[in-house]
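Trainee: okay, sequence plus prediction incoming.
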Amino acid sequence: MNSEQKKDEICLAESQDVRVFRGSGGLEVSTIPTETDRLLRIAALAEEFNHDRISDDARSAAKRIAEGRFYAACAGQCKRGKSTLLNALMGESILPTGVIPVTAVPTIVRFGERHQARVRLSQSVFRTLATALFAGQNRPLVKSCGKKGWNALKDKSAVSLRGMVTDALREKGYWAVLDHARSPSQSYSNGIKDVCSLSDTPLIAVARSPHMEDVGFLLPMFSNRSGRFALRNFDPHTAKQFAAQVANTTHLQALNRDEAIRKIVGFSKGNPGAIIRMLQMAASPKYVAQEHVKLSPLSIDFRLSWSATHG
């Protein structure tokens, strides 16, 4: 049918799935594409251009529409009773509840003929480690990537990445360090546990909470109290010595250098991280005028940025 014929078409009837037209060639019947058809078409196009994620998402959405399924989200702050509410609505204790956050990962509950659970491995842990190991020219991982090099990591599944990272960590002694842990999700924690257990890699986790509550699902890995250490701030004398060393490494040059170090030690209350951050700021041209460190604006800006990230 050409464009001129289309202009003369008149729609005689229309249902949810079918349209009936009268045109110059007589009656014609056409099928109306459904949302499922459109999504499957998007999935097919995505496959042609090697966009697997778009294709999978489109097919998943098409399947949900065909089955009449939809998502009802339950969101809120930690420990507000979301899981308890959903269990009450379902009439059964399906979701775990506890004193510490135990449903810290997005969880989907749907009807089934029998109870079962499916866990999707998070790629974030393995992909981050694989990228770092490749950058460090880890021999087994570089060999696994082959001619594609770093680009080979983009197409790997979570299972493949886990195997590659495990083999890479066995090459020589590594330490896994989790700094400023803040209740990592269950899937992330499971990834860390897999990495450490399969490759015999020691884990160091730095938490701000007094009893390591911040490590959440990783807490069972630190059941031995002899492996827990409380990191204290420096005493004033040690803090001043430490600040002087950091000032040398940051190449702080100012006429009021000694005064700046003394003030920064006072502002920091002996916190080594705070000392490093403020001395880095002091070496920036933003906080230097006429070869003097501007301590008042530095102190204000530091406190604003520090409180936003450290509470």
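Mentor: Yep, that arrived. Bear in mind the structure is a predicted one, so any value in this text is a computation, not a measurement.

Trainee: rounded mean pLDDT for stretch 298-305, please.
Mentor: Mean pLDDT, stretch 298-305: 87.

Trainee: so for it, what gets flagged as buried?
Mentor: Buried residues in stretch 298-305, counted by 16 or more other Cβ atoms under 10 Å: 298-299, 302. Where you see a C-beta, it was placed from the backbone N, CA and C, and this is true even at glycine.

Trainee: strands of the protein, start to end?
Mentor: Assigned by DSSP state E, the chain shows strands spanning 10-14, 18-23, 26-31, 176-181, 203-207, 288-289, 292-293.

Trainee: okay if I get the buried residues of stretch 298-305 as a markdown table plus distance to Glu171?
Mentor: Shown next, in a markdown table, are the buried residues of stretch 298-305 (distance: Cβ to Cβ, whole Å):
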| residue | distance to Glu171 |
| --- | --- |
| Leu298 | 44 |
| Ser299 | 46 |
| Phe302 | 41 |
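
Trainee: and which of the residues you listed is nearest to Gly76?
Mentor: Gly76 lies nearest to Phe302 out of these, by Cβ to Cβ, at 33.0 Å.

Trainee: correct me, but that closest one touches Arg277?
Mentor: Yes - the criterion here is Cβ atoms under 8 Å, and Phe302 meets it with Arg277 at 6.6 Å.

Trainee: okay, now the unreliable bits of the stretch 151-300 of the chain?
Mentor: Filtered on pLDDT under 70, the stretch 151-300 of the chain yields the residue ranges 180-181, 208-214, 223, 227.

Trainee: mind listing the helices for it?
Mentor: Ranges of helices within the stretch 151-300 of the chain are 158-169, 186-199, 236-249, 257-268, 272-282, 295-310, based on DSSP state H, counting those that start in this stretch.

Trainee: quick one: closest of those helices to Lys82.
Mentor: Closest approach to Lys82 among the helices of the stretch 151-300 of the chain (Cβ to Cβ): helix 186-199, 14.8 Å.

Trainee: tell me which residues of that closest one are tucked away?
Mentor: For helix 186-199, using 16+ other Cβ under 10 Å, the buried residues are 186-196, 199.

Trainee: which other helices and strands does that helix contact?
Mentor: When contacts are defined as 3 or more Cβ pairs under 8 Å, 6 or more residues apart in numbering; DSSP states H and E, helix 186-199 packs onto helix 123-135, helix 158-169, strand 176-181.

Trainee: with just CA atoms, put stretch 155-175 into PDB.
Mentor: Only the C-alpha atoms of stretch 155-175 are listed here, as PDB (Å, rounded to 0.1, in the frame of the first residue of the first chain):
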ATOM      1  CA  ASP A 155      31.200  -9.100  29.000                       C
ATOM      2  CA  LYS A 156      31.900 -11.500  31.800                       C
ATOM      3  CA  SER A 157      29.100 -12.800  34.100                       C
ATOM      4  CA  ALA A 158      29.300 -12.700  37.900                       C
ATOM      5  CA  VAL A 159      30.300 -16.400  37.900                       C
ATOM      6  CA  SER A 160      33.100 -16.000  35.400                       C
ATOM      7  CA  LEU A 161      34.400 -12.900  37.200                       C
ATOM      8  CA  ARG A 162      34.400 -14.800  40.500                       C
ATOM      9  CA  GLY A 163      36.500 -17.500  39.100                       C
ATOM     10  CA  MET A 164      38.900 -15.100  37.500                       C
ATOM     11  CA  VAL A 165      39.300 -13.000  40.700                       C
ATOM     12  CA  THR A 166      39.800 -16.100  42.800                       C
ATOM     13  CA  ASP A 167      42.500 -17.500  40.600                       C
ATOM     14  CA  ALA A 168      44.200 -14.000  40.500                       C
ATOM     15  CA  LEU A 169      44.200 -13.700  44.300                       C
ATOM     16  CA  ARG A 170      45.900 -17.100  44.700                       C
ATOM     17  CA  GLU A 171      48.800 -15.800  42.600                       C
ATOM     18  CA  LYS A 172      50.500 -14.100  45.600                       C
ATOM     19  CA  GLY A 173      49.600 -12.600  49.000                       C
ATOM     20  CA  TYR A 174      46.800 -10.000  48.900                       C
ATOM     21  CA  TRP A 175      44.800  -8.300  51.600                       C
END
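
Trainee: quick one: that stretch to chain centroid distance?
Mentor: The chain centre lies 19 Å from the centre of stretch 155-175; the measure is Cα atoms, centre = their mean, to the nearest Å.

Trainee: other residues contacting that stretch?
Mentor: For stretch 155-175, contacts defined as Cβ atoms under 8 Å, 6 or more residues apart in numbering pick out 120-123, 126-127, 129-130, 133, 138-141, 144, 153, 191, 194-195, 198-204.
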